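A.B. asks: A predicted structure for the sequence below; I have some questions about it.
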Amino acid sequence: MYSSIIFLERSRIFQNNVHHSLTFLRHMGGGPRTFPGGLNKWQWKRLHEKQAREKEKRLLDQEKQLYQARVRSEIRSKIATPDSSKHEQNTNSPNYKPLSPKEHIKALADRFMKEGAEDLWNEADGPIHSPSPQEIARIESTHNPINLRRVVSDQNRVASNQVSEVSSGFSNNQLKPRNYSSFVNLGNQNGLLKARHYSVRTSRFTYRKNDSSSSEDDDTDEDEAFLMTKRKGEDLRGSRLSLIGSSDAEGSGDDDEGKGNGKKMMMSSAALGKYDIKKTKRIPLKFLEEEDDLSLHVQAIRNEFHKRRMAEKDIGVGDDDSILSPKRFDECNVSPLTIKALTLAGYVQMTKVQDATISACLEGKDALVKAKTGTGKSAAFLLPAIETVLKASASNERKRVPPICVLIVCPTRELASQIAAEANVLLKYHEGIGVQTLVGGTRFKVDQKRLETEPCHIIIATPGRLLDHIENKSGFSARLMGLKMLILDEADHLLDLGFRKDMEKIVDCLPRQRQSLLFSATLPKEVRRVSQLVLKRDHEYINTVGLGPETHDKVNQSYMIAPHEQHFQIVHHLLKQHIAQTPNYKVIVFCTTAMMTSLMFSLFREMKLNVREIHSRKPQLYRSRVSEEFKEAKQLILITSDVSARGMNYPDVSLVIQVGVPVDREQYINRLGRTGREGKGGEGILLIAPWEQYFLDEVKDLPLLESSSPHLDPDMKVKIEKSMEKVDPSVKEAAYHAWLGYYNSVRETGRDKTTLVELGKGFSNSIGLQKVPALFRKTALKMGLKDIPGIRVRK
Ligand SMILES: Nc1ncnc2c1ncn2[C@@H]1O[C@H](COP(=O)(O)OP(=O)(O)OP(=O)(O)O)[C@@H](O)[C@H]1O
């Protein structure tokens, strides 16, 4: 059908051209030697050529205008029409295939039979892109339509200011855009072309021309008028192209709309053929050229549309407390087997972050996603990951060793296991898709054997072990060459200085043709910048946190300031109090380092509290066992270091206590995020020493309330001291070293070494050490503490 349209079109233009050429030759041959206006034959020839060029340009301009009008009316009608089902049906139909920019430009080039017609369609016209049904639905859901009229009139104001310098004879209103009513999609044959009916309303233009006192209210009314026109346009389905207004008569003769799309294209051309005359009647061309109104308007609408989308993503979908979106999983484009697994796992509705990201991820775009802790980011990236595997598996069926399709990198071993477990839940009904983890603390050889013998489409890895495999096993690197998707969970942490080098090396070994998704609850500015290492330039930034705090409203946050030596007793007091008030208590206490964690655990175990510990100094098997236990547990206290700060999904944690300053604001937020998950309530307490107060500045925008230090029972103080005496001295010494190392590395405290060593001495005393433990010479040198008074160096 498309080729027959082009053929008819070409033959029509060919006939015209032949006719023109013959006339011209007649003129050049035996015709008169002088031409009207006293022009000689060359001047006459050049005049004709110029006119022909101008006409072609006008035709193309007109085509552009109609196209832009279609985009505008499509956006306009979809924004404001609550009943969009007709459009949805069209665009969702299996035959629906919008013209790509290239196809559209080629169609134009063909139409005008002119090589290089693409050049006339310049960059400023932007990509030819109609909003997808998802975009339209998203806009509708805001109930806050863009005031297109205002955008256009704002744009006009700018344009008219420019034009008024050229012409004082035209008012601003004359430069307001003509209203173009909606197009009607008549379906699509062979998926190549959609015949469209355009209805161009010029009467409104005339009205505005006369009404110099148009107001914002007027604008709104006009939007409604547009909608009505749109509906009319739909009712006119199948009617001929008509230019309503002064000059639609030229379309006559093409009113045989029932004869198929090819005929309609002819009609459209015929109508356009005369359009330059009509346009001249309404606005002199020279002003049109200076004004270039439609492209400016369309650009302005696009900009506004884009801004709204971004703002919408910023505030999240809706602003109520619930983390769930109204959209269900079965409404998004994922495999029915995955939906079945989701239903079995109790996931029916998407969370807001899932709603905001899944469609973009499924479209194959790179994305940087920021969403609060515990709002379902894992499923938001796992679902697109599974779809990617399904798509790739079809083409990899015959390969002996199938490539690894998806690589998920996360900072801790526990998190890798947790993501793998969730992936397996979602893959329950997808047989043959393998998920493997590559994490430290396990035997390298075991990993290797597993990789060779078991299916592995998705790898979930921590950076160190992953790099080991990449650098030491060429077979592994080769399998990564088929990678389709890279996901970084806790992306800000992975791109932080600690991991960045490893991440750079890893990314260097991955194919460039891949989709990359970065997820995090916190994204400091510098990390956003570094994210360019991984993401394509045109990636989507999806922020469901918005401009408010990155923490949950339902989590009460407070801070307490007390001397270091009181910290153990205060934590004990807080735990006891919480246990008394919360029958199903589940508490996480974060300490600054692994050895501090070990010390606090040892002390509270001595004091018969129901405690467990997780930190990097524990064997992996132990860590995994405790992690699983804490997931299932009620009435348990987990003393931990930052290995549990990010991503770990321990359900129903009722209280998070942070003892000592966290490394940064992001770590504070992520630690706090272990409570108040899935939209539930929770409580967070930060306990710091007076000299750690500088940290409060970093979190001053978060709703942290000061809480006074509790009254401490002197008897309890004695009990704690007694329990502390029973703790292994080596644990205490290691805790002191770790304490010194940690605060030495904190920028704010590490600068003044003398004060730091003084404070360290106080800490050493508070944990019952008679003498400040000595440092290895090498360590003291490295820390810059060797000659600081109060530091003991081992002989
Ligand atoms: N659509 C859903 N419906 C119900 N529960 C869900 C849904 N999506 C995720 N969850 C649950 O929400 C909890 C938190 O999910 P997840 O661990 O993915 O959060 P997160 O945003 O990655 O958190 P963090 O920032 O701490 O890593 C999990 O228990 C998960 O099972």
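C.D. replies: Received it, and whenever you're ready, just let me know what you need.
A.B. asks: Strands along the stretch 301-450 of the chain, start to end?
C.D. replies: Counting by DSSP state E, counting those that start in this stretch, the stretch 301-450 of the chain has strands at residues 324-328, 349-351, 367-370, 406-409, 435-438.
A.B. asks: Please identify the most buried of those strands.
C.D. replies: strand 406-409 (a mean of 26; mean count of other C-beta atoms under 10 Å). For glycine as for every other residue, the C-beta is placed from the backbone atoms N, C-alpha and C.
A.B. asks: Check which helices and strands it is in contact with.
C.D. replies: Counting contacts by 3 or more C-beta pairs under 8 Å, 6 or more residues apart in numbering; DSSP states H and E, strand 406-409 is packed against helix 377-396, strand 458-461, helix 463-472, strand 485-489.
A.B. asks: what about that strand, near the ligand?
C.D. replies: No - using C-beta under 6 Å from any ligand atom, strand 406-409 stays clear of the ligand, coming no nearer than 11.9 Å.
A.B. asks: what's next to that strand, contact-wise?
C.D. replies: Contacts with strand 406-409, where a contact means C-beta atoms under 8 Å, 6 or more residues apart in numbering, come from 381, 385, 388-389, 416, 419, 457-463, 466, 480, 483-489, 494, 503, 506, 510.
A.B. asks: redo that, cut-off 6 Å
C.D. replies: Here strand 406-409 makes contact (C-beta atoms under 6 Å, 6 or more residues apart in numbering) with 385, 388, 458-461, 483, 485-488.
A.B. asks: strand partners of it, parallel vs antiparallel please.
C.D. replies: strand 458-461 (parallel), strand 485-489 (parallel) (DSSP bridges).
A.B. asks: And the helices in the stretch 301-450 of the chain, which stretches?
C.D. replies: 336-344, 352-362, 377-396, 413-426, 444-453 (DSSP state H, counting those that start in this stretch).
A.B. asks: and the angle from the second one to helix 377-396?
C.D. replies: For helix 352-362 and helix 377-396, the angle between their directions (axes from the mean of the first three to the mean of the last three C-alpha atoms, to 10 degrees) works out to 20 degrees.
A.B. asks: Packing partners of helix 352-362?
C.D. replies: strand 324-328, strand 367-370, helix 377-396, strand 540-543 (3 or more C-beta pairs under 6 Å, 6 or more residues apart in numbering; DSSP states H and E).
A.B. asks: Could you export the ones you listed as TSV, including distance to the ligand and mean pLDDT?
C.D. replies: Formatted as TSV, these follow (distance: least, C-beta to the nearest ligand atom, whole Å; pLDDT from 0 to 100):
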stretch	distance to the ligand	mean pLDDT
strand 324-328	7	92
strand 367-370	10	95
helix 377-396	3	91
strand 540-543	13	93
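A.B. asks: now, of the ones you listed, which is deepest in the fold?
C.D. replies: Across the helices and strands packed on helix 352-362, averaging neighbours per residue (mean count of other C-beta under 10 Å) puts strand 367-370 on top, at a mean of 24.
A.B. asks: who touches it?
C.D. replies: Counting by C-beta under 6 Å, 6+ apart, residues outside strand 367-370 touching it are 357, 360-361, 517-519, 523, 531, 539-543, 545.
A.B. asks: picking up where we left off before, would JSON lines of the strands of the stretch 301-450 of the chain with distance to residue 681 be doable?
C.D. replies: Listed next are the strands of the stretch 301-450 of the chain as JSON lines, based on distance: least, C-beta to C-beta, whole Å:
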{"stretch": "strand 324-328", "distance to residue 681": "16"}
{"stretch": "strand 349-351", "distance to residue 681": "17"}
{"stretch": "strand 367-370", "distance to residue 681": "23"}
{"stretch": "strand 406-409", "distance to residue 681": "30"}
{"stretch": "strand 435-438", "distance to residue 681": "32"}
